[in-house]
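Visitor: Generate coordinates for the sequence data below:
(chains A and B)
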Amino acid sequence: DTAVSQTPKYLVTQMGNDKSIKCEQNLGHDTMYWYKQDSKKFLKIMFSYNNKELIINETVPNRFSPKSPDKAHLNLHINSLELGDSAVYFCASSHVEKSGYTFGSGTRLTVV
Amino acid sequence: AQTVTQSQPEMSVQEAETVTLSCTYDTSESNYYLFWYKQPPSRQMILVIRQEAYKQQNATENRFSVNFQKAAKSFSLKISDSQLGDTAMYFCAFMKQRLQGAQKLVFGQGTRLTINP
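Guide: So this is what the prediction gives:
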């Protein structure tokens, strides 16, 4: 039973395309996140949703749009992909009573 | 804003040795959490150990322990009896204590640890 699952694990696409990454958690957590890990392995938060409400929205191009249909799902849609969007994108979740995240296995996005 | 600094980009030790990874952070908060995450070549982010700032006792998880120095804002990770499976990137991370909603994890740059046979 995967706690936080992301699909797809790998995504190769051309510049200018639109793509989505899906995330689902079965832990009953109320908060979900998207993080970006760049080519130097640096991890930085992009978005956070709490009970379907956008809580954290870091300085991210508006080509990136998160969507949370329910508190178990948080998807990331990216429009007009650019070469610089190539990275590993991690979904994570956490519970309000606890700290620390459970991470998904990441999606490696390559824009060519 | 909080910052986390890991000053050792890479480290390498022999199997069974003890290794210590350094981490310092900067915050004006008094209540917060600190974490060490491990990222092996599989890419999965795995929580290694967690420390609550209000607890004076250093956290321990089997072969992993921390040296938490709140006044110095230092949070080092010690790995005893290192094993080949400990080879990974290790990230130190900070989170403000949250009362509701979400709090972000702020990560350091990472230390690439290699355990040699």
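Visitor: Which neighbours in the sheet does the helix or strand of chain A with the lowest mean pLDDT have, and how are they oriented?
Guide: Taking mean pLDDT, DSSP states H and E as the measure, chain A has strand A:53-57 as its least confident helix or strand, at a mean of 85. Here strand A:53-57 has these sheet partners by DSSP bridges: strand A:43-50 (antiparallel).
Visitor: Show residues contacting the partner strand.
Guide: Here strand A:43-50 makes contact (Cβ atoms under 8 Å, 6 or more residues apart in numbering or on different chains) with A:30-38, A:54-58, A:60, A:64, A:66, A:68, A:71, A:74, A:76, A:90, A:96, B:91, B:101-102, B:104-105, B:107. For the C-beta atoms, the positions are set from N, CA and C on the backbone; glycine is no exception.
Visitor: sorry, back to before: what residues sit buried inside the least confident helix or strand of chain A?
Guide: Buried residues in strand A:53-57, counted by 16 or more other Cβ atoms under 10 Å in any protein chain shown: A:55, A:56.
Visitor: I'd like the next helix or strand past it.
Guide: Sequence order places strand A:64-70 as the next helix or strand after strand A:53-57, per DSSP states H and E.
Visitor: what about that following strand, distance to the chain center?
Guide: In terms of Cα atoms, centre = their mean, to the nearest Å, the centre of strand A:64-70 is found 9 Å from the chain centre.
Visitor: Show me what whichever helix or strand comes after it is packed up against.
Guide: Reading on from strand A:64-70 to the C-terminus, the next helix or strand found by DSSP H and E is strand A:73-78. Contact partners of strand A:73-78 among helices and strands, from 3 or more Cβ pairs under 8 Å, 6 or more residues apart in numbering or on different chains; DSSP states H and E: strand A:19-25, strand A:31-37, strand A:43-50, strand A:64-70, strand A:87-94.
Visitor: what's around residue B:15, how many residues?
Guide: Using other Cβ atoms under 10 Å in any protein chain shown, residue B:15 has 13 other residues around it.
Visitor: same thing with the one 10 residues further on?
Guide: For residue B:25, the neighbour count with other Cβ under 10 Å is 20.
Visitor: now do residue B:67
Guide: As a burial measure, residue B:67 scores 15 neighbours (other Cβ under 10 Å).
Visitor: element containing it?
Guide: Element membership of residue B:67, judged by DSSP H and E, is strand B:64-69.
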